[in-house]
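Q: Provided below are the primary sequence and the corresponding predicted coordinates.
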Amino acid sequence: MTVAPPTMWEVRAISKAFPGVQALDQVSLSLTAGEIHALVGENGSGKSTLVKCLAGVHQADRGEIRLGGETITMPNPIAARQRGVATIYQELSLVPTLTVAENIFLGRFPTVMAHQIVDWGTMRRESVRTLRGLGIEIDPDAVVKSLSMAEQQLIEIAKAMSEDSSLLVMDEPTAALGISETRRLQELIRQLARQGKAILYISHRIDEVFQIADRISVLKDGRLAGSSPVRALSVDTVVTQMLGTAVAEHYPKQHHAQPSLCLEVEELSTDLGVREVSFSVHQGEVLGLGGMVGSGRTDIARALFGVDRPTAGVIRLNGRAVRFTSPEQAIAQGVALVPENRKADGLFMNFRGPENITVANLRALLYGPFLDLRREARTSREYFAKLSISPAGMDRTVQYLSGGNQQKLILARWLFSKARLLILDEPTQGVDIGARIEVYKIINELTALGIAILLISSDYPELLAMSDRVAIVHNKRVLQILPASQLTEYRLLELASRSSHPSEGRRHEI
């Protein structure tokens, strides 16, 4: 007879309210030593609030948290860490101007001479040991702001795993990671579970949850909608619990590619390492850029949008050669970018929704020399209705909106700007499955209008399902372009991780 492992952490009937919102309502969970417990739900379902209660950021209005059968209090994050809670938040908590090593040991620097002096040598050695143990090849002396989003996410993970903890809470840890990095992280998580840690794992990638979890709990509108061992569940069952309704198709792809070309890129190079890149995108087509994290997909997007200046090559839009030295010039020619980091690079977080939509095309709202605010509000309401954006964004700054609503605001901006080429860099990163499906439907609507889309995604099932063709990017070059229907996740991974060889610069297109 197998003896079940003991419950290590327990949340009992936790409730938490904010002004006008009941974020958690009588939620109970058991977190067992050695078990990977996945928590899923739409944006706004209460997942992050529960995480913050466990991390000592919020205090529950009612209910209790128990450790080893004993009711405990965690009045602040320091107390939670002392109790053994290590947390990786969806929003990175790194200090961009500090080094990797300083961030890993932030708040607990090793010291010498009666705690008077920081022991820099020990801190660096321990950082190297932590990074190597996780298989992360990043210089501990590198300044964090110089790293990519994916590399910063890995440092956040290393920071949490370096602490001596009994509960590891991971809120969207793979949102910025590619398939190979995700697999590596999953093996690390399994290793930690085998060591007896309790793992609370939050992700919007449902397929990924089924790969890693022992148990799945679903939150909807602040309440527990279900909790079962993963072997007793199906993807459709979990999605139905999350949304409250069945979903007929997770990737509702429509094909609208036209014979005429929107974009032609020939032998494009930049100072930042993009090398002799060539590809084309037809009107109404979705061309996916597939590759590992750091392969150069975002660098190509930046060059097309005028952020990084090309040093060689030709870019043609609708048959006419163009050269952009700024994003302003790219926008004026109908090129738009939904960036990977929407909060830092895509949105004005202290503006309301209407200002975020109209900012790229204010000329369309001028009445003489003045901005017609009534017309701006009327136009914004139309886009809010068209893209099913939360009405709260009409009157509140966008920092208070969910990730899915924020992403749709950026899409609304480029629809209003009359863009003809839309570059989507990780468009569903950190958004729930309901918002993902809405984004996919918007992609279909855009391509039906003849808008060309360049799609960058580290979610390989999404990339293959929503693209017409996929360009394989490796070492900032396009190696090969194939119809999406001819690729599988494993074949794409194999091509994207291939070693460099002399023929890489040549384009192989079908």
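A: Ah, there it is. Being a predicted model, the structure only gives us computed values, none of them experimental.
Q: I figured His250 hits Ile437, correct?
A: Yes: at 6.9 Å, His250 counts as touching Ile437 under the criterion of Cβ atoms under 8 Å. Every residue, glycine included, has its C-beta placed from N, CA and C.
Q: could you pull out the helices for the stretch 251-400 of the chain?
A: Taking DSSP state H, counting those that start in this stretch as the criterion, the stretch 251-400 of the chain carries its helices at 297-304, 327-332, 353-358, 373-386.
Q: closest one to Val143 among these?
A: Ranking these by their distance to Val143 (criterion: Cβ to Cβ) puts helix 297-304 first, at 19.0 Å.
Q: low-confidence stretches in this protein?
A: Counting by pLDDT under 70, the chain contains low-confidence ranges at 1-6, 90-91, 149, 176, 178, 245-249, 498-510.
Q: please parse it into its domains.
A: What automatic domain parsing lists as the domains of the chain is 7-243, 250-334+420-431+451-510, 341-418.
Q: could you dump those domains to CSV with distance to Glu445 and mean neighbour count?
A: Below are the domains of the chain laid out as CSV (distance: least, Cβ to Cβ, whole Å; neighbours: other Cβ atoms under 10 Å):
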stretch, distance to Glu445, mean neighbour count
domain 7-243, 21, 18
domain 250-334+420-431+451-510, 9, 19
domain 341-418, 9, 18
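Q: wait, which of the helices of the stretch 251-400 of the chain is closest to Ala23?
A: Per Cβ to Cβ, nearest to Ala23 of those: helix 353-358, 21.8 Å.
Q: dump the closest one to PDB, restricted to CA.
A: Extracted in PDB, the C-alpha atoms of helix 353-358 (Å, rounded to 0.1, in the frame of the first residue of the first chain):
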ATOM      1  CA  GLY A 353      -7.300  53.300 -23.300                       C
ATOM      2  CA  PRO A 354      -8.400  56.000 -25.800                       C
ATOM      3  CA  GLU A 355      -5.100  57.900 -25.700                       C
ATOM      4  CA  ASN A 356      -3.200  54.600 -26.200                       C
ATOM      5  CA  ILE A 357      -5.300  53.800 -29.300                       C
ATOM      6  CA  THR A 358      -5.200  57.200 -31.100                       C
END
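Q: list of residues touching it?
A: Helix 353-358 is contacted from outside by 347-348, 364-365, 376-377, 379-380, 383-384, 389, 393-394, 396, 398, 401, 409-410, 412-413, 416, using Cβ atoms under 8 Å, 6 or more residues apart in numbering.
Q: mind redoing it with 7 Å?
A: Here helix 353-358 makes contact (Cβ atoms under 7 Å, 6 or more residues apart in numbering) with 347-348, 365, 376-377, 379-380, 383-384, 389, 393-394, 398, 409, 412-413, 416.
Q: angles on the backbone of the closest residue to Arg302 other than its chain neighbours, please.
A: Leaving aside its sequence neighbours, Arg302 sits nearest to Asp308 (Cβ to Cβ, 6 or more residues apart in numbering; 4.5 Å). Phi and psi for Asp308, reported as degrees, to the nearest 10, are phi -110, psi 130.
Q: I'd say Asp308 and Thr270 touch.
A: Yes: using Cβ atoms under 7 Å, Asp308 is in contact with Thr270, at 4.9 Å.
Q: list residues touching both of the two?
A: Both Asp308 and Thr270 are contacted by Asp299, under the criterion Cβ under 7 Å, 6+ apart.
Q: any idea how far the residue positioned nearest the centre of the chain is from Thr240?
A: The centroid of the chain falls nearest to Gln429 when counting by Cα atoms, centre = their mean (2.8 Å). From Gln429 over to Thr240 the distance is 24 Å, taken as Cβ to Cβ, to the nearest Å.
Q: got the contact list for Ser148?
A: The neighbourhood of Ser148, defined by Cβ under 7 Å, 6+ apart, consists of Gly294.
Q: how far away is it from Ile357?
A: Using Cβ to Cβ, we find Ser148 at a distance of 28 Å from Ile357.
Q: try Arg316
A: To Ile357, Arg316 is 29 Å away according to Cβ to Cβ.
Q: then Gln480?
A: With distances taken as Cβ to Cβ, Gln480 is found 38 Å from Ile357.
Q: with Ala213 instead?
A: 38 Å.
Q: now do Arg81
A: As defined by Cβ to Cβ, Arg81 lies at a distance of 41 Å from Ile357.
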